[in-house]
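Colleague: A structural model of the following input is requested.
(chains A and B)
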There are 2 protein chains.
Amino acid sequence: MRWIVVLLLLAAAPAAAAPRDWVEANRAALLEEYLAFLAIPNVAGDREDIRRTAAHIVGMMERRGLSPRRLESEDGSAPPLIYGEWAIPGAERTYVLYAHYDGQPVTPEAWRVTPPFEPRLLTGPADSGGRPAPSEEPPLDDWRIYARSASDDKAGVMAILAAVDALRAEGRQPSFNLKIVFEGEEEAGSPNLQGLLRRHRTLLQSDGWIIVDGPAYASGPRQLTLGVRGIATGELTVYGPVRPLHSGHYGNWAPNPAMMLAELLASMKDDEGRVIIDGFYDDVVPLSAAEQAAVAAAPAQDEALRAELGLARTEGGGETLTLLINRPSLGITGLTSADTGAAARNVIPAEATASFDLRLVLGNDPRRQFDRVAAHVRAQGYELLDREPTMEERRRFPRIARLTYGGGYPAERTRLDRPLARSVRAALEADGPLVVLPSLGGSLPLYLLRQELHAPTVVVSLWNHDNNQHAEDENIRLGHLWDGIKAVAAVMTME
Amino acid sequence: MRWIVVLLLLAAAPAAAAPRDWVEANRAALLEEYLAFLAIPNVAGDREDIRRTAAHIVGMMERRGLSPRRLESEDGSAPPLIYGEWAIPGAERTYVLYAHYDGQPVTPEAWRVTPPFEPRLLTGPADSGGRPAPSEEPPLDDWRIYARSASDDKAGVMAILAAVDALRAEGRQPSFNLKIVFEGEEEAGSPNLQGLLRRHRTLLQSDGWIIVDGPAYASGPRQLTLGVRGIATGELTVYGPVRPLHSGHYGNWAPNPAMMLAELLASMKDDEGRVIIDGFYDDVVPLSAAEQAAVAAAPAQDEALRAELGLARTEGGGETLTLLINRPSLGITGLTSADTGAAARNVIPAEATASFDLRLVLGNDPRRQFDRVAAHVRAQGYELLDREPTMEERRRFPRIARLTYGGGYPAERTRLDRPLARSVRAALEADGPLVVLPSLGGSLPLYLLRQELHAPTVVVSLWNHDNNQHAEDENIRLGHLWDGIKAVAAVMTME
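Modeller: Numbers count the residues shown, from 1 in each chain, chains lettered A, B, ... in the order given. The predicted model follows:
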């Protein structure tokens, strides 16, 4: 059915119209192109699928005359950056528009609406009455597409490319030299981004990067963020007996690693959710007065969010989400020990594992913050290893844990008075309601752009906040997709 | 290959010999019969497999002239008791020999030696150098069979039937009317045993039951146990946001159910492993002086066990395993929340679950003990439900947990001066080293035999203690299997 898309795009191209009208008129074609894009598996780390996704994007860019190139790593093994450009002769500024084309891992059996790479249109959210959308009707704004990366972040790729179409259709061009970069392993922690930026430094020179990623403000408005939290991930395994034991024959005598892990994790936080690991909040660079003002000016959202998420209480002693994401966090992202449910057996497990992440703010160093967790585990009496214990170690140390560092990177923040921040803010404010915040709660490796390219960054976040990104049943609301294309078009023509 | 087994058994039958010699002479045939038996899946709760296992056992008993019958439940849906008998005219006593033919659930991907129902012979323990056994050589005592139920408790079924062969071969007969009962859902908590005992009360009348199940004393000797711990199982789920959230965008604000579960579990025990739930030790009937003496007389095993299991410390403030299993316990048998390892994602999970079991001693009531856990969870500020919370409940209660009772039954103990206890003890002590203990750490529904049939029970435990029962890589050492057959034969001819 690809020829239909192409024909419709060609048909739409000559008609001069505002981006808003152009998007309205081309919803069916955009939708079809997006559904085909979402059907390509893109789990970060699955190299073949990532290459297939990259090839597909190159095709989308070629059709738009964006001269796509794959920027490869030194040994060619990393997912490439996909680069494109719309050169504007005489432009005084050069900006890069960025999105990432890889997605979070999936647990297909947990997806209730559709398998993660079989995109499906519903008439609304699956958990509040959404039903399969009738294929013969024109798509409505409240419909949703369910698929991995529907929001995070194939939507960013799609919005940038569709905004190019919208400008072309209007006979306009960007107000700056437009460079486009799509990254292929953001969800894996961008292990090769630094090398890629260094290797292609000249091509990637610019006055700043505009990141299209992340959910809009929960109460609705588009969100402009001047930075991101950093991240460090880890995995903690506590060891019990060398093999699982019958819980009857050994219960009361053999230490239970699941209980030991529970005690160890519980020792890291107080009842309010405040981390009580030594030094955890020591390095934080506080918000400036202007940043504090921006946080305070953000529309109230906590009550509505609590109702939507089914939460009678939140952590942080009653402070707002908008404020709290400007602090470092420690979260358990998974627990495993033996089995629960139908597969549960009456055993003392041999080990218990928690995966966790640390979110970092300006001032935090990922490795230093991780090392504080390590020091805390040691202070609870644990011998810390970075591998399985030997039998000799098991017999020697009363408490043994394995702590592995999963990688990470620091936070990044651009000042509100920088030209890039001021231009993007003005363009978006002229186009609709906007919330401006010092930092996104999530993480992107923006520090690398400053470090390697001396480029400031801003993040434009456009998708429905209830999009389940990073979880099963990820989705995007069509109205947000259309609006996102318009927002990116507005940024492309900013003063 | 069945005809070979039958021929060997027939050939062996006429030769008069002591059980010890008979077993030595017939190892190959016994082994072949046992391997075929182990190849039949028998997970408790898988009705079709359980029926196939029952049919196979009926065949084994028919070949031995034991007049097998399936004792069915009222509606015929429960796994049947398999009944057989060797009537001894003029015998003054009637005893039942019991084993169970169902096995614990399996997680096949965790089995490292062989899939659970493809029994495999190794030359020793897999984790200390055991290699596939050469098929052309006669089996050695240190060889092991790996398979689900190899020890727990198809070994009990096999030992009882082979002991019958051994007596027949010797031209002897049991010293009492011998009844045989094999149960088919012991590992599922015996939900239908009460009804089955009531329905077949007359047929099952006896002066006592002799249970063949469980591992021998860790330092080697056979073990005679006068009772068992009871059990209650449960599952505890703690709820966070109604759907998994991006840990960056919401971390520090949305409560993390994995951390809440860790705190809740950690609040149940002190550092020594002592349960600090109100009233947890209140109902315990203390050991009598004779029982305390038996515990004190048991050979020291803790040091050797700690070395074998890779434990530098044990719980209970330095008291022995033999003593500690006479106290109630609380153990976490599994933990689940989102994922760890390669499938880990950066989420705040929507829920976290722990499965647990309570082991009970004389005086504990399963439901009462379980209710103490429930009261403890409530005392930590949780609203307790027995189902998923509604959205309204999520918005109303700051902390919500689902606690489900998985069933259970009380402990049971027979006094050391009862005739059954004295006879079995004397027969086994005359045949080899024996450890006598008031209670097994594990659980069997022996209380039902007292309640429904007024029968006392003893438990004869014969298999290698490092058999991984209830876990992956369950196994039995051949030397223990042969010795177990001899022990059962000794019991069948006890004074």
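
Colleague: tell me the domain ranges of chain A?
Modeller: Structural domains assigned to chain A are A:2-226+A:414-492, A:230-287+A:326-409, following automatic domain parsing.

Colleague: quick one: low-confidence ranges for chain A?
Modeller: Along chain A, the parts satisfying pLDDT under 70 run over A:1-17.

Colleague: give the residue farthest from the middle of it.
Modeller: A:His249 (46.9 Å; Cα atoms, centre = their mean).

Colleague: ok, that residue to B:Arg148 distance?
Modeller: Between A:His249 and B:Arg148 the computed distance is 17 Å (Cβ to Cβ, to the nearest Å). Heads up, the C-betas are built off the backbone N, CA and C, glycines and all.

Colleague: follow-up on the earlier one: relative to B:Thr457, which of the domains of chain A is closest?
Modeller: Nearest to B:Thr457 among the domains of chain A is domain A:230-287+A:326-409; the distance by Cβ to Cβ comes to 16.1 Å.

Colleague: how far off centre is that closest one?
Modeller: Chain-centre distance of domain A:230-287+A:326-409: 24 Å, with Cα atoms, centre = their mean, to the nearest Å.

Colleague: kindly report the same for stretch A:276-294.
Modeller: Stretch A:276-294 has its C-alpha centroid displaced from the chain centroid by 22 Å (Cα atoms, centre = their mean).

Colleague: for B:Val295, find the nearest of the domains of chain A.
Modeller: Judged by Cβ to Cβ, the one of the domains of chain A that comes nearest to B:Val295 is domain A:230-287+A:326-409, at 13.4 Å.

Colleague: circling back to that earlier point, for the residue farthest from the centre of chain A, which non-adjacent residue is closest in space?
Modeller: Distances taken as Cβ to Cβ, 6 or more residues apart in numbering or on different chains put B:Gly441 closest to A:His249, at 4.0 Å, once the chain neighbours are dropped.

Colleague: which secondary structure state does the one you found sit in?
Modeller: Of the three states, B:Gly441 takes strand according to DSSP: H, G, I helix; E, B strand; the rest coil.

Colleague: that older thread, the residue farthest from the centre of chain A and B:Ile325 touch, don't they?
Modeller: Yes: using Cβ atoms under 8 Å, A:His249 is in contact with B:Ile325, at 7.1 Å.

Colleague: okay, and the common contacts of these two?
Modeller: By the contact definition Cβ atoms under 8 Å, 6 or more residues apart in numbering or on different chains, A:His249 and B:Ile325 are jointly contacted by B:Leu440, B:Gly441.

Colleague: what does the stretch 51-200 of chain A put close to chain B?
Modeller: Applying Cβ under 8 Å from any Cβ of the partner chain, we find that the stretch 51-200 of chain A lies next to chain B at A:Gln104, A:Pro105, A:Thr107, A:Asp127.

Colleague: run the last query once more with 6 Å
Modeller: Residues of the stretch 51-200 of chain A lying close to chain B by Cβ under 6 Å from any Cβ of the partner chain are A:Gln104, A:Pro105, A:Thr107.

Colleague: what's the separation between the first one and A:His470?
Modeller: Per Cβ to Cβ, A:Gln104 is found 5 Å from A:His470.

Colleague: what about the two, which has more around it?
Modeller: Higher neighbour count among A:Gln104 and A:His470: A:His470, with 25 against 22, using other Cβ atoms under 10 Å in any protein chain shown.

Colleague: for that one, helix, strand, or coil?
Modeller: coil.

Colleague: that one touches A:Gly103, doesn't it?
Modeller: No: A:His470 is beyond contact range of A:Gly103, at 9.2 Å (criterion: Cβ atoms under 6 Å).

Colleague: how about the helices in the stretch 1-150 of chain A?
Modeller: A:2-12, A:19-25, A:27-38, A:47-62 (DSSP state H, counting those that start in this stretch).

Colleague: and the strands in the stretch 351-495 of chain A?
Modeller: Ranges of strands in the stretch 351-495 of chain A, per DSSP state E, counting those that start in this stretch, are A:351-360, A:383-385, A:400-409, A:412-413, A:434-437, A:440-443, A:457-461, A:475-477.

Colleague: burial of the nearest residue to A:Thr107 once chain neighbours are set aside, as a residue count?
Modeller: Of all residues not flanking A:Thr107 in the chain, B:Ala343 sits nearest, at 5.8 Å (Cβ to Cβ, 6+ apart). Per other Cβ under 10 Å, the neighbour tally for B:Ala343 reads 14.

Colleague: for A:Ala338, see how far away B:Ala343 is.
Modeller: Taken as Cβ to Cβ, the span from B:Ala343 to A:Ala338 is 17 Å.

Colleague: CA atoms of stretch A:268-287 as PDB?
Modeller: The C-alpha coordinates for stretch A:268-287 follow below in PDB (Å, rounded to 0.1, in the frame of the first residue of the first chain):
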ATOM      1  CA  MET A 268      17.700   3.000  51.600                       C
ATOM      2  CA  LYS A 269      14.600   5.200  52.000                       C
ATOM      3  CA  ASP A 270      12.500   6.700  54.800                       C
ATOM      4  CA  ASP A 271       8.700   6.600  54.900                       C
ATOM      5  CA  GLU A 272       8.300   9.800  52.900                       C
ATOM      6  CA  GLY A 273      10.400   8.300  50.000                       C
ATOM      7  CA  ARG A 274      13.400  10.400  50.900                       C
ATOM      8  CA  VAL A 275      16.700   8.600  50.200                       C
ATOM      9  CA  ILE A 276      18.700   8.100  53.400                       C
ATOM     10  CA  ILE A 277      21.900   6.900  51.700                       C
ATOM     11  CA  ASP A 278      24.800   9.000  53.000                       C
ATOM     12  CA  GLY A 279      25.500  12.000  50.800                       C
ATOM     13  CA  PHE A 280      22.800  11.200  48.300                       C
ATOM     14  CA  TYR A 281      21.700  14.900  48.000                       C
ATOM     15  CA  ASP A 282      25.100  16.500  48.600                       C
ATOM     16  CA  ASP A 283      26.100  17.500  45.000                       C
ATOM     17  CA  VAL A 284      22.900  19.100  43.900                       C
ATOM     18  CA  VAL A 285      23.300  22.400  42.100                       C
ATOM     19  CA  PRO A 286      20.200  24.300  43.200                       C
ATOM     20  CA  LEU A 287      17.700  25.900  40.800                       C
END
